[in-house]
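Undergrad: Structure for this input, please:
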Amino acid sequence: MTEAFVHLSVLGVEAPRALVTDADGLYVDGTFGRGGHSRRILSMLSEKGRLIAFDRDPEAVKAAADIRDPRFQIIHAPFSHMREALGEIGVTAVNGVFLDIGVSSPQIDDASRGFSFRFDGPLDMRMDTTRGETAAEWLARAPEGDIVRVLADYGEERFAGKIARAIVAEREKSPIETTKALASLVERVVPRNRRDAVQHPATRTFQAVRIQVNGELDELSSALEAAGSLLLPGGRLAVIAFHSLEDRIVKRFFERTAHPERAIDPRLPIPVEQLPKPLFEAPERILPSKAECEANPRARSAVLRAAARTAEPWRATDAAPASGAKSASSRQR
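TA: As a prediction, the model looks like this:
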């Protein structure tokens with residue numbers, strides 16, 4: 001692993017503790033990254049325990065080769081495919097699933113990946129560089145209305161319309177192919193935030209385009225459903241989110257599955273025994289300590305949510321669409 005890309009795992013102690021309940025169990029790390037959480041999980045398992053990790057990023061899969069442990073296995077696939085991928089190797093039930101959502105520090109710090117405007121590089125933004133459409137390709141062909149919706153829904157950008165118009169006008173003159181080109185364009189049309197002068201005007205745009213290119217919110221919704229269907233009774237699901245869009249999906253998923261009766265109109269004369277039974281129980285919310293936030297600024301926005309699976313047979317939770325930006329789910333890998 002390149003020294004420049006080493007990073008600290010957020011909630012590196014709390015997340016594994018919230019996940020592992022049986023040292024002999026089988027666990028899934030859906031977001032290997034550079035293996036910080038995976039290594040901690042392995043340290044909590046017995047010789048009988050097992051950990052299967054997933055990652056979309058070929059560089060992360062390559063980094064996983066550093067873990068020479070017979071209890072560990074890495075699969076190159078998005079976590080939304082965990083149920084199918086595990087089924088192919090004969091795994092139909094697990095004791096715990098862990099997800100660390102979003103882009104990792106090594107991805108951000110590598111200019112060639114195009115995730116950050118701090119470095120000038122190709123406007124790629126794909127988490128899996130072996131497939132799919134790059135950010136530059138999407139910006140080159142997306143209708144203005146789709147760009148507006150993506151920036152508004154995924155970036156919560158107030159100036160989505162102005163930015164989208166500027167992108168369409170600029171691409172008619174020349175392609176927008178680098179991070180510097182996109183950041184400079186946004187900076188020209190979006191005023192700096194007076195309340196947060198440190199934040200670059202392109203921050204929300206980069207977030208939105210990245211989420212769109214990788215279908216991140218729909219991936220998350222699918223992964224939560226897959227995890228719920230795989231977990232044994234008492235098995236744990238633990239998820240770290242870094243911004244409100246992700247955390248809202250996780251929070252609502254746990255609310256929906258821990259309290260399904262709340263979705264029933266209370267005016268209906270339904271006996272208590274006929275109400276839907278909880279699929280998860282005892283959901284908890286864990287925040288990083290002040291000391292961790294001071295040592296690792298990336299931890300400041302992190303939220304860990306975890307809950308235990310009940311013995312109730314899994315049923316689809318009818319999750320709402322991740323957002324109004326319909327185009328995000330229309331293209332995938």
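
Undergrad: pLDDT below threshold where in the chain?
TA: 1-7, 194-197, 318-333 (pLDDT under 70).

Undergrad: Next one: the most far-flung residue of it relative to its centre from residue 262, what distance?
TA: Relative to the C-alpha centroid of the chain, counting by CA atoms, centre = their mean, residue 269 is the outermost residue, at 39.7 Å. Going from residue 269 to residue 262 by CB to CB, to the nearest Å gives 17 Å. All C-beta atoms are positioned from the backbone trio N, CA, C, and that covers glycine.

Undergrad: again, but for residue 298
TA: Distance from residue 298 to residue 262, by CB to CB: 34 Å.

Undergrad: where exactly do the helices run in the stretch 151-300 of the chain?
TA: 160-173, 179-189, 203-214, 216-230, 244-258, 290-295 (DSSP state H, counting those that start in this stretch).

Undergrad: nearest to residue 89, of these?
TA: Among these, the nearest to residue 89 by CB to CB is helix 216-230 (12.8 Å).

Undergrad: what's the angle from that closest one to helix 203-214?
TA: Here helix 216-230 runs at an angle of 50 degrees relative to helix 203-214 (axes from the mean of the first three to the mean of the last three CA atoms, to 10 degrees).

Undergrad: Give me the angle between helix 216-230 and helix 244-258.
TA: Going by the same axes, to 10 degrees, helix 216-230 makes 30 degrees with helix 244-258.

Undergrad: so what's residue 240 up against?
TA: Applying CB atoms under 8 Å, 6 or more residues apart in numbering to residue 240 gives the contacts 10-11, 15, 99-101, 302-304.

Undergrad: correction: residue 33
TA: 9, 55, 57, 60, 100, 104, 106.

Undergrad: Can you pull the phi/psi pair for the third one?
TA: Read it as residue 57. In terms of degrees, to the nearest 10, the main-chain angles of residue 57 are phi -80, psi 120.

Undergrad: isn't it right up against residue 103?
TA: No: with contact defined as CB atoms under 8 Å, residue 57 does not reach residue 103; the gap is 9.7 Å.

Undergrad: can you list residues touching both of the two?
TA: residue 127.

Undergrad: the more surrounded of those two?
TA: Set side by side, residue 57 and residue 103 show more neighbours around residue 57, with 24 against 21, by other CB atoms under 10 Å.

Undergrad: Could you measure from the nearest residue to the more buried one once chain neighbours are set aside over to residue 30?
TA: The shortest distance from residue 57 to any non-neighbouring residue, by CB to CB, 6 or more residues apart in numbering, is to residue 127 (5.3 Å). From residue 127 across to residue 30, the span is 13 Å (CB to CB).

Undergrad: more neighbours, residue 298 and residue 262?
TA: Taking neighbours as other CB under 10 Å, residue 298 and residue 262 compare with residue 298 leading, 18 against 11.

Undergrad: Tell me which residues touch the closest residue to that one other than its chain neighbours, please.
TA: Leaving aside its chain neighbours, residue 298 sits nearest to residue 10 (6.1 Å; criterion: CB to CB, 6+ apart). The neighbours of residue 10, taking CB under 8 Å, 6+ apart as the test, are 100, 240, 242, 288, 292, 296, 298-299, 302.

Undergrad: does residue 10 count as helix, strand or coil?
TA: coil (DSSP: H, G, I helix; E, B strand; the rest coil).

Undergrad: Check the gap between it and residue 41 for me.
TA: Note on residue 10: its distance to residue 41, by CB to CB, is 15 Å.
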